[in-house]
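coordinates only, sequence not included:
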């Protein structure tokens, strides 16, 4: 049997790593936990967190490239800024949703909806 408090703490660290930094820390912390932990639920939460952060980076890169390619014209102001704002709200909302899910049921891995999974 695995320690429920340790499971909860490590799972929360995986999903909450994005609050520390949106750079390497958001992926590095869940990767480190994935390799260190032997708990299958923590490993599943780490994988899901890594996949979610890759999705955030991927969609951010697409928006950044579109913003750069349009040359800062009217299109970014009308279309890309609202999309980026909506993405920002969804990103933080899903992260908070995952943290609540881990706190409420630490024995079940959290699954983000509508993301592509590499792992």
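Noted; the coordinates are in hand. A quick note: this is a predicted structure, and the numbers were derived from the prediction, not measured.

so where's this protein uncertain?
For the chain, the stretches flagged by pLDDT under 70 are 71-77.

can you point me to the longest helix in it?
helix 40-69 (DSSP state H).

Show me how far that one is from its chain's centre.
For helix 40-69, the gap between its own C-alpha mean and the chain's C-alpha mean amounts to 6 Å (Cα atoms, centre = their mean, to the nearest Å).

what's the answer for stretch 109-119, then?
With Cα atoms, centre = their mean as the basis, stretch 109-119 stands 9 Å off its chain's centre.

Going forward, count from 25.
Will do, 25 is the new start, and the previous item becomes stretch 133-143.

buried sites along the longest helix of the chain?
65-80, 83, 87, 91 (16 or more other Cβ atoms under 10 Å). (Glycine included, C-beta is placed from N, CA and C.)

Now do the helices in the protein.
28-44, 48-60, 64-93, 98-99, 105-128.

Which other helices and strands does the second one contact?
Using 3 or more Cβ pairs under 8 Å, 6 or more residues apart in numbering; DSSP states H and E as the contact test, the elements touching helix 48-60 are helix 28-44, helix 64-93.
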